[in-house]
Structures are given as C-alpha cells and as structure tokens.
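**Student:** Give me the fold of what follows.
(3 chains)
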Amino acid sequence: MTVVFYLIATLTLAGGLAAVLLKHLVHCALAVTVAFGGLALLFLSLDAQFAGFAQILVYIGAVAILIVFAILLTRGSELPKDGVFSRTWLVGLAIAAGVFSVLGWAVLESAQSLPQQSAVPAVTVHDIGNALVGRYVLPLEIVALLLTAATIGAVIVALHEKDGAQ
Amino acid sequence: MITTMDQIFVLLQHWIVGFLPAFVQPFAAVLLSVVVIICLFPALFALAVWMERKGLGRMQNRLGPNRVGPFGLLQPIADGIKSLTKEDIVPLSADTPVHFLAPLLLVVAAFMGFAVLPMGRNMVLVDMDAGLLFFFAMGASTEVSVFMAGWSSRNKYSLLGAMRAVAQMISYEVVLLLSSVAVVMISGSMSLTKIVEAQNHYTWGMPHWYIFTPWGLAGFVMYAIAATAETNRSPFDLPEGESELVAGYHTEYSGFKFALFFLGEYLAMFSISGLGTTLFLGGWSAPFAFLEWVPSWIWFFSKLMMSIFVFIWMRGTLPRLRQDQLMNFAWKFVLPFTLLNLMVTALWRFMGEGWERWVVCSAILAVVWVVMGRVEMRSEHFGPRSYRYAE
Amino acid sequence: MLGEGILKGMAETARNFVGSFVSKERLTTVEYPEERIAAIENARVFPFLVYDTADWEAGLRCVACQICEKECPPKCIFIDKSKDKKPDAIGKQQFYPTRFDIDISVCMSCQICVEVCPFEAIKMDNEFELATDDRFGGLLLDRKQLAKPNEYYHQIHPTEAAAVDARLAEEKAKADAKAKGAADAAAAKAAAVLAAKPEGAGD
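**Tutor:** Okay, the predicted model is just below:
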C-alpha cells in the first residue's frame, strides 16, 4: 500500500463520487471519465501494461464518448427539475452496501488463498496473445460472434428507422 | 566519430546527469529528455507553421509572409506574441472549468505520444513493451478534449463541429489501428524500437522498410489517409473549416487557448507522422546502406519533416470533403481495404520467402483497389429533374 | 483508378510550387508598396479640376455652372459661385468657383460629373493613396487640392486629354472665326457709315 496507490485511489473515488453527486449530466460523464483514468493508472501501477492502455483506449476513447453522445442525443443535458437525489435513497444505499460487502468478502477470501511469496509475473503482450489464441480461443471466437451480431443489429435498427421515417 | 555524432545526444545526457548524485540520476535523465522534447517539438511547430504558410503560398502562386524576418522566418514568433497578448474572452454562459481544461487536455495528450517514438538509435524516452498501444491510447484521449471544447462553449455550432470531429476521429481511429496491426503482425512486437530494428536491414542496398512491400504500401496509404483524418487536416477539415462552422469546436476560444489548440493539432500531426515513419518508413534507419554514416536522428527528423510537407501539399491540392462523403469513404472503402490488407499481410507471412509472395500479394491488392474503387465510390447518377408546381 | 485525380492534382500543385521560384507566370504577387502595377488608361478613382496655364486660380476651366453639383448622385460636390467675373482661357468673362469641395468619403466614382460638364473642367484622377488619419476634414478635398494642370491630365489619360484638347481648340477656332466675322462685319459697317458721311456733309 504505497503512496502512489493512495493517490490513484483518491482520484478514482473522487471521480466516482463526482459522477453521482454533480448536477449536470455531462459533468457526471466527464467525472466518470476521470474514474476510468484512475482505473487505468491502477492497472499501470500493477505493471499490467496491456490492460492499462487498453482501458484508456477503450473506456476513455470510446465508452466515455458513447455515454456523452447518448446524453446529448436524448436531451438528457437539461438540468433535472426534481433535483438529483431520488426519494428512495435509503433503499439504494442498503442495496449498494450489500453488493459492496459481498464483493469485498469475495476479494478478501481469494487474497488469503494466494501464496504470499510469489513474484509479480511479468506478462508481456506476447504472452497475452499466446493465451488468447491458445487457451482462450473459444471465448475469443464467441465474443467475436457477439460483436458481429451487435454490429449487424445496429445496422438493422438504423435501417428500419430510416424506412420508418419515410 | 560517426558513432559519436549518432549518439551525441545520449552522450550529452549521460555527461550532464553525471554531475548529479547517484540516487537522483535516473529521474534526472528522464527529466532532461522530457525537457528536451517539450522544447524541441514546439520549435518544430514554429518551423512547420512557417513552412505551411510559405509552402501553401507558393502552391497558390503567391508569396507567403515575407516581411517579419528574412523570408518571414520570424512570423511564427509574431503570431505567438499576438496570441499571448489577445484578450481571453470566455462566454458568459460557458462552462468555465471544462472550457479551461479542454485545450490543456489536448496538449497534454498530444505531448504524451512523443514518449514512445524512437527518434534515433537508443534515443527513445520510454521503451515500452506495448508502446504502440500507449500511443493509440493517448490519441484516443484527444477525442474527449475535442468534445469538451465543443460542448463547454454552449454554442450550437461549436457543438455541431465537435460532434462531427469526434465522429470523424472515431471512424478513422479504427483504420489507424488496423493498418498498424499489419506491421505488428510482421515484426512480431508492439514495441516501437523492435519494429524499427526489424526494418534496419538491407538487401542489395535496398532497405527492408515496410513501405517497400505490397502490404506495407497499401497499409501506408491507408495509414496516411487515417492520419490526415485524425488530425483534422485538409481534406478532412470540415470540423474546423473557416467557411463551414466559423472555427468549429474552437470558435469560442481566443488568445492563448486558441494557440494551444493550434499547437495541439500540429503536435498531433508530428506524433502521427513520427509513428508513420517508425512503422512504415523505417524510423531512424538510412535509405541505403552506404548512407549509414549520417546520424540516425537526422534521418528520423528529415522523414518527419517530409511527411509534414506532404500534409501541407495535400492541403494545397485537395478540396474539403463533406461530412457524409468523409464517413462514406471511411466505412465503405478504407476500412474494408484495410481488413483485406490484414489478410494479405497474413498471406505474405505464411507464404515464406521468395518472389511468389510479392506477385500474389501485389496482384490481390491492385485488383481489389481498382474494383472497389469503381464499385464503392461511384457517384449517384441523378435522372432528369421533375418539378411539381403549386396549384 | 481511385486516386488518379489526387495524383494529378498533386502534380499540378508541385508544378506551381517549383515554378513559383523560377518563372514569373507562376508567381503573380506584386509586393506593394515597393512594386506597383501601372494603372491602365481608363482607371478612375476620384475627380479633379483641370487648369490650363501656369496659374491654377486664373487658368481653372471651371465656371461654377453647378451642373455637376446638381447631377452628383450622392451629392458630394459643394460649390460656391463667385460674385465677380474673370476672363477665361479664350478671354471671355466667366464666373469662377470660390469654393469647390468634394467629399471623397462619399464619392462613388460614377463619373457623372465628368460626363455632364460642358466646359471639360472636371476629369477623373487615378490616385488612390488618399488615406488619412484626420477623420473630420482629411477626406474633404478643397479647390487647391483638386486643381491639377492639363499636363498631368495628358500624363494619366493621354488619348482622352488629346481628344479634349482637340475639341477645345476646335471651339476656340470657331469662336475666333465668329469673332473675326463679326469684327469684319462691324468694320465694313463702320467703313460704310464713314464713307456715307462726307457725301451728306458736302451738301
């Protein structure tokens, strides 16, 4: 638990909190982007280069843009009239606490089962590539099929809208 | 002597850092390199601005600026002083923190790309294993700043320009990545230093640069198109064309913030050209074996400046593409061609050494280029117009 | 083939780029104000008043008929007629303008004043470097600034000036002939009266 970790964790948590507490929706989207950046820095501090840079490329470069486009194209950018916090916030807090405790218990349990003296494995991009087409080739192909289906679905939805508009 | 000239900056860095105590030396070495990069590339930016104005002028049958210094060489300094002394106007309803941070984020992301470029033998700031991925990650961050700039100005036209710019950048980012993947496939590594070293061999005097292979040439052309679109350069500069949307997403910026956008755009151009030379043009390696006595950093920077000149040349030649033409081009022609190029690269690798692979790969790429060009880019033929008059 | 047009275009711009260093036709810039292109003969900017002899006041052709003031569309000419008369180039007594101002910030260079002037007194100049930093009177040219000699008119519009001079000389010749005819008739009449008188006086 070094100073660097605490700094990055503070940044990520600040981004996450700002994402739910800010009034303007686009500000929240930008705060979520900061949280993504914090996550990427965490990956990098653990020497997982590929995961860190892929996080920046995919989350900040594409997902954040997607969120922002969705907000802007669906008129969510106006300030909400009834305020930001919902009336059932107590229930929400209870559910969030429940999920957090389950996840935290799972992580701590698994951390106990890892051998303490193992050195940090140096994973190169080469190793990731080998694993993807060697051991994990089936999940890779399934994910590829899923993405293709999503793309075709998007095209069909857009096509139907055009026909519908006519 | 030749090696000394080649490694002069590395030796200089070691000498300077040698004066400091041992525990601070690594940080000092990196800090020194960072300072050099931060000073060098804005100086190259000034040179590029001068080149652009004079070069565009000559291509348009006129002189560029020639009053400020000899041949107008001090014009960029005059521009810099002008942009520093102009009033910084922020619209009243603009989102001030986001408005302030957008140009900063753009310049920071643009500068980060230089960290992995090998500018000479042993002259890379950080030799990362996934260097190429880092570079593209930084390029993706520029899109966020473009959107921030356009949205925070609270100006319909800026927002429109920002949306268009982001859509264009995302479309062409895919092409950029795919054309670089072909290089990674052949060189077997994502580390830019290893990619340059793989190209640093000579056969009968000709270098092994990837641009001299069929898949490399096709990949380079696609990379060049995507690079022009990523940096919003002509002919893809609809988001910032003066006659279209005033200045697009940087309409509401004045003074030094505008200069920062300008700087960010040129720095992005430099880093993308630098990556292009590293991937396809052999980075710091010399064109012929007998020219190896010229220092490697001179080769890198000459190739870089030549790429910038080609950018300027394209700007002077081509009219601007409309947004839908631009997107059509990306998704209907460039992307399929790049995917085909990937497959041809795989074919190249698996066919093994020999003249067969040259013939087969060149034939496939040439035929597809011609056929796709005719099929995908045909213009719609309109029939005779019909009119309906009001009764 | 896709990309052919781009390559042709790039070849043309390259020709422009290289040609601008070697040939004049690929670099059409004139570095004003060190170099200037000569104005063509029919160039016009603002009007000026022509005077014939060396003295600008005495030789001014303008007789303050005020036709140009009335015909000027934006009404930028301001004329004050004199109370006395002065002899003009052919000796006839004419009025003259004591004030003749043209406001060149209003003048639209339509040349109507030149077309309607019966005395060939106002013509179009081609001097355009008239910018000034005096915003309240700097662009109101008075009589002295507007008066320029006939030789200057010949310099800037040679054919026109030659035609004007020919016309004026013809009118002068006609006027002289008329005056000579009138003088001859008067002399003949006087001689006849004189010849008739001694006969009557001899009775």
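
**Student:** How is the closest residue to chain A within chain C assigned, secondary-structure-wise?
**Tutor:** Distance from chain A to each residue of chain C (Cβ to the nearest Cβ) is smallest for residue C:2, at 24.6 Å. Just so you know, the C-beta spots here come from the backbone N, C-alpha and C atoms, and that holds for glycine as well. Secondary structure assignment for residue C:2 (DSSP: H, G, I helix; E, B strand; the rest coil): coil.

**Student:** Okay, and the beta partners of the most centrally placed residue in chain C?
**Tutor:** Among the residues of chain C, the smallest C-alpha distance to the mean C-alpha position (Cα atoms, centre = their mean) belongs to residue C:123, namely 2.0 Å. When bridges are called by DSSP bridges, residue C:123 pairs up with residue C:48.

**Student:** Now chain A against chain B: closest residue?
**Tutor:** Minimum separation of chain A from chain B (Cβ to the nearest Cβ) falls at residue A:61, amounting to 2.5 Å.

**Student:** For the biggest helix by length in chain C, which helices and strands make contact with it?
**Tutor:** Secondary structure assigned by DSSP state H gives helix C:158-201 as the longest helix of chain C. For helix C:158-201, the helices and strands in contact under the criterion 3 or more Cβ pairs under 8 Å, 6 or more residues apart in numbering or on different chains; DSSP states H and E are helix C:150-156.

**Student:** Any idea how far the strand or helix carrying residue A:110 is from the middle of the chain?
**Tutor:** Element membership for residue A:110, per DSSP states H and E: helix A:89-113. A distance of 18 Å separates the C-alpha centroid of helix A:89-113 from that of its chain, computed with Cα atoms, centre = their mean, to the nearest Å.

**Student:** can you list contacts of it?
**Tutor:** Contacts made with helix A:89-113 from outside it, assessed by Cβ atoms under 8 Å, 6 or more residues apart in numbering or on different chains, are listed as residue A:86.

**Student:** The longest helix along chain A - what's its average pLDDT?
**Tutor:** In chain A, with assignment by DSSP H, the single longest helix is helix A:137-165. Averaged over helix A:137-165, pLDDT sits at 85.

**Student:** Repeat that for stretch B:259-266.
**Tutor:** Looking at stretch B:259-266 alone, the average pLDDT works out to 90.

**Student:** outside of it, which residues touch it?
**Tutor:** Residues from elsewhere that reach stretch B:259-266 (Cβ under 8 Å, 6+ apart): B:42, B:45, B:48-49, B:79-80, B:83-84, B:103-104, B:106-107, B:109-110, B:142, B:145, B:149, B:231-232, B:250, B:253.

**Student:** Based on its surroundings, how many neighbours for residue 102?
**Tutor:** By default, I'm working from chain A. Here the number of neighbours of residue A:102 (other Cβ atoms under 10 Å in any protein chain shown) works out to 10.

**Student:** let's do chain C instead
**Tutor:** Count around residue C:102 with other Cβ under 10 Å applied: 27.

**Student:** Okay, and the beta partners of it?
**Tutor:** According to DSSP bridges, the residues that bridge with residue C:102 are residue C:77, residue C:141.

**Student:** Tell me who's in contact with it.
**Tutor:** Taking Cβ under 8 Å, 6+ apart as the contact definition, residue C:102 lies against C:46, C:47, C:76, C:77, C:78, C:140, C:141, C:146.

**Student:** Quick check, residue A:122 in contact with residue A:47.
**Tutor:** Yes. Checked against Cβ atoms under 8 Å, the pair residue A:122 and residue A:47 is within contact range at 7.2 Å.

**Student:** out of those two, which sits in the busier spot?
**Tutor:** Set side by side, residue A:122 and residue A:47 show unequal neighbour counts under other Cβ under 10 Å, the larger going to residue A:47 at 12 against 8.

**Student:** so is that one in a helix, a strand, or just coil?
**Tutor:** Assigned with three-state DSSP, residue A:47 falls in the coil class.

**Student:** Checking my notes, residue C:138 in a strand, right?
**Tutor:** No. Assigned with three-state DSSP, residue C:138 falls outside any strand and is coil.

**Student:** Where does pLDDT dip in chain A?
**Tutor:** A:1, A:75-84, A:115-120, A:161-166 (pLDDT under 70).

**Student:** Name the residue of the stretch 201-350 of chain B with the shortest distance to chain A.
**Tutor:** For the stretch 201-350 of chain B, the residue positioned closest to chain A under Cβ to the nearest Cβ is residue B:331, at a distance of 10.6 Å.

**Student:** Which residues of chain C lie near chain B?
**Tutor:** By the criterion of Cβ under 8 Å from any Cβ of the partner chain, the positions of chain C lying close to chain B are C:1-3, C:6, C:9-10, C:12-14, C:16-17, C:20-21, C:26-29, C:31.

**Student:** Could you tell me which helix of chain B is the longest one?
**Tutor:** Looking only at chain B and at elements set by DSSP H, the helix with the highest residue count is helix B:25-59.

**Student:** and whichever helix or strand comes after that one, what's its mean pLDDT?
**Tutor:** Sequence-wise, the next helix or strand beyond helix B:25-59 is helix B:75-85, with elements assigned using DSSP H and E. Per-region confidence: helix B:75-85 scores 91 on mean pLDDT.

**Student:** Can you give the contact residues for helix B:75-85?
**Tutor:** Contacts of helix B:75-85 (Cβ under 8 Å, 6+ apart): B:45-47, B:49-50, B:53, B:65, B:68-69, B:255-256, B:258-259.

**Student:** Nice, that's everything, thank you.
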